[in-house]
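Asker: sequence and predicted structure, then a few things I'm wondering about:
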There are 4 protein chains.
Amino acid sequence: MPHSHDPLVIAGREYRSRLLVGTGKYKDLQETRAAIEASGAEIVTVAIRRTNLGQNPDEPNLLDVISPERYTILPNTAGCYSAEDAVRTCRLARELGGWELVKLEVIGDPKTLFPDMVETFKAAEVLIKDGFQVMVYATDDPVACKHFEEMGCVAVMPLAAPIGSGLGIRNPYNLKLILEQARVPILVDAGVGTASDVAIALELGCDGVLLNTAIAAARDPVLMARAMRLGVEAGRAAFLAGRMPKKLYATASSPLDGTFF
Amino acid sequence: MPHSHDPLVIAGREYRSRLLVGTGKYKDLQETRAAIEASGAEIVTVAIRRTNLGQNPDEPNLLDVISPERYTILPNTAGCYSAEDAVRTCRLARELGGWELVKLEVIGDPKTLFPDMVETFKAAEVLIKDGFQVMVYATDDPVACKHFEEMGCVAVMPLAAPIGSGLGIRNPYNLKLILEQARVPILVDAGVGTASDVAIALELGCDGVLLNTAIAAARDPVLMARAMRLGVEAGRAAFLAGRMPKKLYATASSPLDGTFF
Amino acid sequence: MPHSHDPLVIAGREYRSRLLVGTGKYKDLQETRAAIEASGAEIVTVAIRRTNLGQNPDEPNLLDVISPERYTILPNTAGCYSAEDAVRTCRLARELGGWELVKLEVIGDPKTLFPDMVETFKAAEVLIKDGFQVMVYATDDPVACKHFEEMGCVAVMPLAAPIGSGLGIRNPYNLKLILEQARVPILVDAGVGTASDVAIALELGCDGVLLNTAIAAARDPVLMARAMRLGVEAGRAAFLAGRMPKKLYATASSPLDGTFF
Amino acid sequence: MPHSHDPLVIAGREYRSRLLVGTGKYKDLQETRAAIEASGAEIVTVAIRRTNLGQNPDEPNLLDVISPERYTILPNTAGCYSAEDAVRTCRLARELGGWELVKLEVIGDPKTLFPDMVETFKAAEVLIKDGFQVMVYATDDPVACKHFEEMGCVAVMPLAAPIGSGLGIRNPYNLKLILEQARVPILVDAGVGTASDVAIALELGCDGVLLNTAIAAARDPVLMARAMRLGVEAGRAAFLAGRMPKKLYATASSPLDGTFF
């Protein structure tokens, strides 16, 4: 099959799965492990400030269930509200586990959890100079996303909708603009709610999706993890297969020209 | 896994796959076979008026590549513009292959290929009396769909959008209304364009999807067939897993109440 | 101004306003009158079975506030669940006030208030033979709408969404198909929720909009009536003015071809 | 009527109209004048770098048709790609006409004309210190919009869609988030295509809309200007009137909870 080798490449490393997952909001570590396994993810993002990766020897260690030998651990800066905090958190991660591939997020608003783009730019600059490989959480702003790429971020991750909202891709037009000019992987990060949302992201041409709540807050997280895995595979296959054009009806002489909806 | 046995049941028979496919518009029978195989479909619908199932011994016979032993052949009445024509076509199918499970469509308009509901009601009535098991192509009208169920149709198949349009599900609200009151399988028939469309149909609670052009008119039909298979599986798993509620943002105290969008 | 004379013509009579309104659900007749006046409507539809037009001399008579000299009274068959009932109700209206222009609705489902199309066809046939001028409430089914026109209905009124739902136009594609082939006025009836909904209907090319709940159930019905009047005028003017094409961005060489959204 | 006095207040000054218009892309100054008059706008934005306001005494002067006595002239920095350029342009405007109320836009991409938010922040800071009253063109990013307000901008103007695209409001959710926390006027700037788009913006609670291409590129710009005026009035009235809740159908016991669409 021509598409059997279709890896996601981030910072020079190949991944078979295009689904990246978080570890928050699960009932217990057992469920965390089962859901992540069902998702097929190879990259697992971990909130350094909220997760015990060995800092506290008396509590359960996430790495006991999400083995760094099996998964690429992606430390993230969730909970940081300034460039300074985010940079400090990434350095802590490097000390703790030697991780240099990080997910940068600098939150600008505790309610919507939208990023603060100015602080994110500052942090990205420092981190890249400091040798980190930065995957950056951003608004779906084509100019900002291009800037992050030009600064040297290894992946840019625009939000689909507010973190934890489950609203799905609110503005596919912006994603389209971002994708048209991107030369690094573009991953949708945040806002996804169900399997068709991730399929749509991949069909638009996104390189992958990062999510957490949509799995952890489903009634059956393990089954939803499997749904997400299938959704990513479905969307990627559809993207590669090249969908039929949209028409108002089959015998219309031209594709829908978008003049009405 | 609790959901390993989750069959689609039509007219008392169980199917593992929730994707039904047609056989039209392929390059050749070879491609037809490969695409259908990749789709995982177990039910294959065939336009009796346009397809050689042995009527013409000098031309390639579809049944040589789509074996009735492996697939459930579902004769359909594509091209029929009156109840009379549709009934005659079904009877021809029964004579030809003994088929009693049929897909009824009575077209009302050669341009949009929308059904003529009045003629479809007439045909359904005759066919059911005559012992056929009728799966019926309909508009997405909750009242009409309920009537078809009450008449004894074994499945009701509202359109998502015009046949061959690839527009996807244009009116999920109507599907929701249809599904709320249905006691027979509801399958989306017509208008699907890509994998996320089928995922959405299944997430809404539809029992399955029937499609043809979306696979046959893709750039790579076999790969799109696989995408559709994955899309159906993704959507079904997400439906069973129970998605998270939608909120305007994660910390919103209540789910989105729909007062704006 | 070239568009100063742009009347809505129904059954040979010209109207300046393209907004038709109902009389239900108001606090009292005073509010009914004020809202209808603010709406600018010239055609007011009245549920014969629920409204006192003089049948009961001891109760307030709607015609005292909605004068037949000023408004075209359009009796409707709300609450009828069969062709027989609807026909009887129209005949009652003719006896009561001499009205021959009627709005036919035959409800198929007390929950969604969707029409029963089979019964509606039957009633339309009888009423047209009987000399009535029939404006018909229908699903947004292009084939059915065309049939109503061919039978001799003077206007066809597809629903935008379920009566009283306020959901707005759920399927502009179907309206587009209906409008492409229509030779009688097409009015959106039911489901409108706010002023932009009516603007959209007119921009699509609909000849008018009929609504009731969207005004009566607003917090300030009289102000909402004014909003609806402005929305109709805005949408009609935009339709006649010919909107700019949609593009992904200003300098895109071609209009949006609809291949993604 | 309770809403007869409902002014838009910007920088302490009251305006009756909530529609702001540009002057670009018209056939000639005659059409510019007629369209702007039909729009009812009281604030007219002018691209200082592209428009003759007297710099060139040998060419037609825009101010001869758009009189500063009748209209508030709002100089804008269209065509500026850096904070420095934008600041210089505003200072030029002040020298030229004494204008201190300015529309700041710093473009980040000549294709999409999206703003460069980092440069826009820099320019806003300098301009505010320098005594300008800044209305700022921004992405629909709630965090950035709040920052502009906190810096002292007198109005924040998030884009609905790319400038000149005519796509309408692509992300009402972001506007909702921006509006929830705003204390200065929020005006939609850019991307509007037709009258219903402006009605939607006002219904969401936006304080006004700024547009240009949607009028100038319509087939009949003067009529479209009138449509836009009506659309703004319709949307504002509907917002103040308080729309009915959305339900799946009239008799549903609760408003739509957004769990499906």
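Answerer: Good, I have the coordinates. Numbers count the residues shown, from 1 in each chain, chains lettered A, B, ... in the order given.

Asker: C-alpha only now, for contacts and for neighbours.
Answerer: Fine.

Asker: gap between the residue of the stretch 1-150 of chain A at minimum distance from chain B and C:Val222?
Answerer: Closest to chain B within the stretch 1-150 of chain A is A:Thr112: 5.4 Å, counting by CA to the nearest CA. Between A:Thr112 and C:Val222 the distance is 36 Å, computed by CA to CA, to the nearest Å.

Asker: that older thread, for the residue of the stretch 1-150 of chain A closest to chain B, which non-adjacent residue is closest in space?
Answerer: B:Tyr249 (5.4 Å; CA to CA, 6 or more residues apart in numbering or on different chains).

Asker: I figured A:Ala182 hits A:Phe148, correct?
Answerer: No - under the criterion of CA atoms under 8 Å, A:Ala182 makes no contact with A:Phe148, lying 10.3 Å away.

Asker: between these two, which one's more packed in?
Answerer: Neighbours were counted for A:Ala182 and for A:Phe148 using other CA atoms under 10 Å in any protein chain shown; A:Phe148 has more, 24 against 16.

Asker: for the more buried one, give me its contacts.
Answerer: A:121, A:124, A:136, A:156 (CA atoms under 8 Å, 6 or more residues apart in numbering or on different chains).

Asker: and the helix or strand hosting it, average pLDDT?
Answerer: Using DSSP states H and E, A:Phe148 maps to helix A:142-151. Mean pLDDT, helix A:142-151: 98.

Asker: give me the distance between the closest residue to A:Ala216 other than its chain neighbours and B:Asp85.
Answerer: Distance criterion CA to CA, 6+ apart; nearest residue to A:Ala216, sequence neighbours excluded, is A:Tyr26 at 5.4 Å. To B:Asp85, A:Tyr26 is 58 Å away according to CA to CA.

Asker: wait, A:Leu211 sits on A:Gly22?
Answerer: Yes - contact criterion CA under 8 Å: A:Leu211 and A:Gly22 qualify, at 6.3 Å.

Asker: A:Ser4 in helix, strand or coil?
Answerer: Using DSSP: H, G, I helix; E, B strand; the rest coil, the structure places A:Ser4 in coil.

Asker: quick revisit: which pLDDT value belongs to the residue nearest to A:Ala216?
Answerer: 95.

Asker: any low-confidence regions in chain A?
Answerer: Under the criterion pLDDT under 70, the flagged ranges of chain A are A:1-3, A:252-261.

Asker: wait, does the longest helix along it make contact with chain B?
Answerer: In chain A, ranked by residue count with DSSP state H as the criterion, the top helix is helix A:221-241. Yes - using CA under 8 Å from any CA of the partner chain, we find that helix A:221-241 touches chain B at A:221, A:223-224, A:226-231, A:233-238, A:240-241.

Asker: and that helix with helix B:221-241, angle?
Answerer: With axes from the mean of the first three to the mean of the last three CA atoms, to 10 degrees applied, the angle from helix A:221-241 to helix B:221-241 works out at 160 degrees.

Asker: what helices or strands is helix A:221-241 leaning on?
Answerer: With contacts defined as 3 or more CA pairs under 8 Å, 6 or more residues apart in numbering or on different chains; DSSP states H and E, helix A:221-241 has these neighbours: strand A:19-22, helix A:29-39, helix A:195-204, helix A:213-216, helix B:195-204, helix B:221-241.

Asker: check the offset of it from the chain's centre.
Answerer: Mean-position distance between helix A:221-241 and its chain equals 14 Å (CA atoms, centre = their mean, to the nearest Å).

Asker: output it as PDB, nothing but the C-alphas.
Answerer: C-alpha atoms of helix A:221-241 as PDB (Å, rounded to 0.1, in the frame of the first residue of the first chain):
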ATOM      1  CA  PRO A 221     -12.500   7.100  28.500                       C
ATOM      2  CA  VAL A 222     -10.900   3.900  27.200                       C
ATOM      3  CA  LEU A 223     -13.400   3.500  24.400                       C
ATOM      4  CA  MET A 224     -13.200   7.200  23.500                       C
ATOM      5  CA  ALA A 225      -9.400   6.900  23.300                       C
ATOM      6  CA  ARG A 226      -9.900   4.100  20.800                       C
ATOM      7  CA  ALA A 227     -12.400   6.400  18.900                       C
ATOM      8  CA  MET A 228      -9.900   9.100  18.800                       C
ATOM      9  CA  ARG A 229      -7.300   6.800  17.400                       C
ATOM     10  CA  LEU A 230      -9.600   5.700  14.700                       C
ATOM     11  CA  GLY A 231     -10.700   9.300  14.000                       C
ATOM     12  CA  VAL A 232      -7.100  10.300  13.400                       C
ATOM     13  CA  GLU A 233      -6.500   7.400  11.100                       C
ATOM     14  CA  ALA A 234      -9.700   8.000   9.200                       C
ATOM     15  CA  GLY A 235      -9.000  11.700   8.800                       C
ATOM     16  CA  ARG A 236      -5.400  11.100   7.600                       C
ATOM     17  CA  ALA A 237      -6.500   8.400   5.200                       C
ATOM     18  CA  ALA A 238      -9.200  10.700   3.800                       C
ATOM     19  CA  PHE A 239      -6.700  13.500   3.400                       C
ATOM     20  CA  LEU A 240      -4.300  11.300   1.500                       C
ATOM     21  CA  ALA A 241      -7.100   9.800  -0.600                       C
END
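
Asker: picking up where we left off before, now do the following helix or strand past the helix holding A:Phe148: everything it contacts.
Answerer: Using DSSP H and E, the helix or strand that follows helix A:142-151 in sequence is strand A:155-158. Outside strand A:155-158, the residues within contact range by CA under 8 Å, 6+ apart are A:10, A:134-141, A:145, A:148-149, A:175, A:184-189.

Asker: the same query, at a cut-off of 6 Å, please.
Answerer: With CA atoms under 6 Å, 6 or more residues apart in numbering or on different chains as the test, strand A:155-158 has contacts from A:135-140, A:184-189.

Asker: out of the residues you listed, who's nearest chain C?
Answerer: Nearest member of the contacts of strand A:155-158 to chain C, counting by CA to the nearest CA, is A:Asp140, at 15.0 Å.

Asker: return the residues of the stretch 51-200 of chain A in contact with chain D.
Answerer: Contact residues (CA under 6 Å from any CA of the partner chain) of the stretch 51-200 of chain A with chain D: A:108, A:143, A:170-171.

Asker: against A:Glu233, how distant is A:Pro7?
Answerer: Taking CA to CA, one finds A:Pro7 at 12 Å from A:Glu233.

Asker: give me phi/psi at the residue nearest to A:Ala216?
Answerer: phi -80, psi 160 (degrees, to the nearest 10).

Asker: burial count for it?
Answerer: 18.

Asker: likewise for A:Lys129?
Answerer: A:Lys129 has 11 neighbours, counted by other CA under 10 Å.

Asker: tell me if stretch A:196-209 is near chain B.
Answerer: Yes - for a cut-off given as CA under 6 Å from any CA, stretch A:196-209 has contacts with chain B, namely A:196, A:199-200.

Asker: mind putting those residues into JSON lines with neighbour count?
Answerer: As requested, those are exported to JSON lines (neighbours: other CA atoms under 10 Å in any protein chain shown):
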{"residue": "A:Ser196", "neighbour count": "32"}
{"residue": "A:Ala199", "neighbour count": "36"}
{"residue": "A:Ile200", "neighbour count": "27"}
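
Asker: which of those lies closest to C:Lys103?
Answerer: Distance to C:Lys103, by CA to CA, is smallest for A:Ser196 among those, at 41.5 Å.

Asker: ok, the closest one touching B:Val198?
Answerer: No - between A:Ser196 and B:Val198 there is no contact under CA atoms under 6 Å: 8.4 Å.

Asker: and the closest residue to A:Asp116 other than its chain neighbours, what does it touch?
Answerer: Leaving aside its sequence neighbours, A:Asp116 sits nearest to A:Gly108 (CA to CA, 6+ apart; 4.2 Å). Residues in contact with A:Gly108 (CA under 6 Å, 6+ apart) are A:114-116, D:143.
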